[in-house]
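1. Any chance you can model this:
(one chain, ligands or ions: 1)
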Amino acid sequence: MLKGAQNKLEYYLKNNKRYAVNIVSKLIEIPTVNPPGKNYEEMVCFLEKECRKLGLATKKYVTPKDVLNKFGVRYGSKRVSLVADLDAGAGKTFHINSHYDVVPATDKWITDPFAAVIKGTKIYGRGSEDMKGNIASVLFAIKALKKCGIRPRINIQLSFTPDEEIGGRTGFGYLAGMGFVKADYAMSEGCSGNHVSMGNKGVLWAEVEILGKSAHGSTPHKGVNSFERMNMLVNEFGKLKNKISKRKTRHNMQDGVSKSATFVMGGFLEGGIKVNVVPGAVKFSIDRRLIPEENISAAKKEIEAVIKKFNARHKDSKVSIRFISQEEPAISGKDDVFFKVVSDAVKIATGKYANFSVMPGATDMRYFMWKGIPSLGYSASGGKKWHSDDEFVYISSLIKTANVYALVMKDLA
Ligand SMILES: [Zn+2]
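-> So this is what the prediction gives:
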């Protein structure tokens, strides 16, 4: 019986792929380019219609002005999100989130980025892989369950949100923060194939300023060279960097990406105005990535301690720091049953054992992970050309990903 349902689903998905191809094509052809955020209302209108065709109850949410202002969103479409429910009358809910915005496209594409172009096994278009293809897979999964007469034993809730490409605070972050979405288990974009993501590193960005004293280049004794001070400070930070890079997460990292915490200096660098002037002020950036075992507050303290010591030792210069961005690392809440259901689904759909790992970059799932909700990242894939020219998604991946989602919806309870 169980096996029968599996086979039925697979058969249906393989033989009705036109549905997924059609949906992803239509999604690509609504250019929801962000920034500034275009055609959002048109997109939500389309998605709402498709969800209703599948029997889902829909509700729209508009992110209010004050929230947009708070996060510096001043241009573009109204920020509208869609939540769609398939109520099974169950106590628990399985939530699947997708962002529908895409990054802009250059003029270097071989195809029109906003016309879905099918070439062999691939569909080209901006957002095909990140992550409109996945939206098609999720809808296809629900359609397949219906057509195969399989009723999920868990409530299914979908959300389609904007602004992931600018951090998600005015999209999924807003919905999750307001409690407009619910989840006992959740999935959203992430790895693909037999890889499933279960968290991401944290980020701390800072700008460090060293104030010395400018003077004429011929009389350096009258000044304090902030550039030379920076050099000394960078050496001190180098010791911290060594310490930090020895910290390794106990979790798997995707594709062998570093398991270590990282510390990068000088991505941004500014100072000095002229060859014959002792530089009075310089600035440089720090990009600190945290493993899931670390936290922002401790990471800040470590950096600040170096500065405090440095300032105490060099009274004639002044180092200050400004933290410009900070996000805690995220890791999925533990739930053996959920992990097993996803793992089994991946094995059935791809023929390979699932591999759970932490991603270096963040997705909107972190808003659920921070709440301790078991949340995993899995999405349809192409050439891993997210955000670059000639992005595409494999048609076979749309089908397999739909199969994974359908199996998870069928088996979770
Ligand atoms: Zn994305």
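2. Quick check, the residue in the stretch 151-300 of the chain closest to the ion?
-> Of all residues in the stretch 151-300 of the chain, residue 189 sits closest to the ion, at 4.9 Å by Cβ to the ion. For every residue, glycine as well, the C-beta is placed using N, CA and C.
3. Compute the number of surrounding residues for that residue.
-> Residues lying near residue 189 (other Cβ atoms under 10 Å) number 25.
4. what do you get for the one 4 residues further on?
-> Taking other Cβ under 10 Å as the criterion, the count of residues near residue 193 is 16.
5. Now it. Nearest residue, chain neighbours left out?
-> Using Cβ to Cβ, 6 or more residues apart in numbering and skipping the chain neighbours, the partner closest in space to residue 193 is residue 350 (6.0 Å).
6. Report the separation between the one you found and residue 407.
-> 11 Å (Cβ to Cβ, to the nearest Å).
7. More neighbours: those two, which one.
-> residue 407 (26 against 18).
8. what sits against the nearest residue to the more buried one once chain neighbours are set aside?
-> Counting by Cβ to Cβ, 6+ apart, residue 345 is the residue found nearest to residue 407 once chain neighbours are left out, at 3.7 Å. Applying Cβ atoms under 8 Å, 6 or more residues apart in numbering to residue 345 gives the contacts 403, 404, 405, 407, 408, 411.
9. and if we set it to 6 Å?
-> By Cβ atoms under 6 Å, 6 or more residues apart in numbering, residue 345 lies in contact with 404, 407, 408.
10. Same check on residue 103?
-> 165, 387.
11. ok, residues contacting stretch 133-150?
-> Defining contact as Cβ under 6 Å, 6+ apart, one finds that stretch 133-150 is touched by 5, 8-9, 12-13, 19-20, 23-24, 27, 50, 54, 96, 98, 379-380, 393, 398, 401-402, 405-406, 410.
12. hmm, back to that, and the stretch of helix or strand the residue nearest to residue 407 belongs to, average pLDDT?
-> Here residue 345, judged by DSSP states H and E, is contained in helix 336-350. On average, the pLDDT along helix 336-350 is 97.
13. what angle do whatever helix or strand the residue of the stretch 151-300 of the chain closest to the ion lives in and helix 336-350 make?
-> Here residue 189 sits within strand 185-191, counting by DSSP H and E. Strand 185-191 and helix 336-350 are oriented at 40 degrees to each other (axes from the mean of the first three to the mean of the last three Cα atoms, to 10 degrees).
14. other SSEs contacting strand 185-191?
-> strand 93-99, strand 375-378 (3 or more Cβ pairs under 6 Å, 6 or more residues apart in numbering; DSSP states H and E).
15. longest helix anywhere in the chain?
-> If you go by DSSP state H, the chain has its longest helix at helix 226-245.
16. circling back to that earlier point, looking at the helices and strands packed on strand 185-191, which is buried most?
-> Among the helices and strands packed on strand 185-191, strand 375-378 has the highest mean neighbour count (mean count of other Cβ atoms under 10 Å), at a mean of 28.
17. Could you list the contact residues of the stretch 1-150 of the chain toward the ion?
-> Neighbours of the ion within the stretch 1-150 of the chain, by Cβ under 5 Å from the ion: 130, 131.
18. Show me the shaky parts of the stretch 1-150 of the chain.
-> Scanning the stretch 1-150 of the chain for pLDDT under 70 picks out 1-2.
19. Would you pull up the residue in it closest to the ion?
-> residue 130 (4.0 Å).
20. for that residue, what are its contacts?
-> Taking Cβ under 6 Å, 6+ apart, we find residue 130 in contact with residue 386.
21. Residue 5 in helix, strand or coil?
-> Under the three-state scheme (DSSP: H, G, I helix; E, B strand; the rest coil), residue 5 adopts helix.
22. number of nearby residues for it?
-> Count around residue 5 with other Cβ under 10 Å applied: 17.
23. Can you report how many residues lie near the closest residue to it other than its chain neighbours?
-> Spatially, and ignoring its direct neighbours in sequence, residue 5 is nearest to residue 150 (5.7 Å; Cβ to Cβ, 6+ apart). Neighbour count of residue 150, defined by other Cβ under 10 Å: 18.
24. helix/strand/coil for residue 150?
-> Using three-state DSSP, the structure places residue 150 in coil.
25. That's all I had, so thanks and see you.
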